[in-house]
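Participant: The following block contains a protein sequence and its predicted model.
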Amino acid sequence: MRFFYKTKRLLLEILGEEAAPYVLAFYQKNKDIFERWDPMHCANFYTLEYQAHNLATEMKLFLHQKHFRYYLFLSAYPGQVVGTISFTHISGSPEFSCRLGYRLSKEVQGYGYATEALSYLIPIFIREQKVLRIEANIMPQNTASIHLIETLGFEYEGVARKIFEINGKREDHLRYAFVVS
């Protein structure tokens, strides 16, 4: 996987710790919507120091091909993070699987950017990382995310009971998977 990709309307990039101000601004701006769906963050998550440390860690994991988080930028506005796509929990033989995560800034939702980015990155990830299964866990109320994942060809597999803690409560998630045939 490369550090940088370009689609028709987006720049997809692995970022280093110097980009912490952009990443922090992205999370702060979207705190109200992300916290509805994300596991609880540590107390210092919304600090520059935390984001710089996290980006440095993500870079090391990327270099070892263990974790991939691409930050999305609109080609027309390359100085503002508008989303992320991550491939985590990467497992080799015998599973050859990973977990997909994504988030999009509220002001750019509904324009097809997530579909564009995921449609571009998923085939590259499958080919280069040789995964055969990509899982996505989604809260039942997150209908936009369910629509996105189904549009991409993921299939519903069932309910993962109380899998993540969201806002202090263990929540069920719908499990979807894209299986390479």
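Facilitator: In hand now; what should we look at?
Participant: And the strands in this protein, which stretches?
Facilitator: 4-6, 10-13, 68-74, 77-91, 97-104, 133-138, 155-166, 169-179 (DSSP state E).
Participant: For Ala117, which residues are in contact?
Facilitator: Contacts for Ala117 (CB atoms under 8 Å, 6 or more residues apart in numbering) come out as Thr7, Leu10, Leu12, Tyr70, Leu72, Gly83, Ile85, Tyr102. (Glycine included, C-beta is placed from N, CA and C.)
Participant: Now restrict these to buried residues only.
Facilitator: Leu10, Leu12, Tyr70, Leu72, Gly83, Ile85, Tyr102 (16 or more other CB atoms under 10 Å).
Participant: dump the residue contacts of Ser105.
Facilitator: By CB under 8 Å, 6+ apart, the contact set of Ser105 is Phe26, Lys29, Asn30, Val81, Val82, Gly83.
Participant: In a markdown table, list those residues along with pLDDT.
Facilitator: Below are those laid out as a markdown table (pLDDT from 0 to 100):
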| residue | pLDDT |
| --- | --- |
| Phe26 | 97 |
| Lys29 | 96 |
| Asn30 | 95 |
| Val81 | 98 |
| Val82 | 98 |
| Gly83 | 98 |
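Participant: can I get the residues you listed in CSV with distance to Val179?
Facilitator: Below are the contacts of Ser105 laid out as CSV (distance: CB to CB, whole Å):
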residue, distance to Val179
Phe26, 31
Lys29, 35
Asn30, 31
Val81, 31
Val82, 29
Gly83, 25
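Participant: Distance from the chain centre to stretch 79-90, please.
Facilitator: Remark: stretch 79-90 is offset 4 Å from the chain centroid, using CA atoms, centre = their mean, to the nearest Å.
Participant: Ok, stretch 37-44 next?
Facilitator: 15 Å.
Participant: Now for Phe73, how many residues are close by?
Facilitator: 21 (other CB atoms under 10 Å).
Participant: beta partners of the residue nearest to it when sequence neighbours are not counted?
Facilitator: Using CB to CB, 6 or more residues apart in numbering and skipping residues adjacent in sequence, the residue nearest Phe73 is Leu11, 4.3 Å away. On the basis of DSSP bridges, Leu11 is bridged to Lys6, Phe73.
Participant: What's the separation between Leu11 and Ile134?
Facilitator: The gap separating Leu11 from Ile134 is 22 Å, by CB to CB, to the nearest Å.
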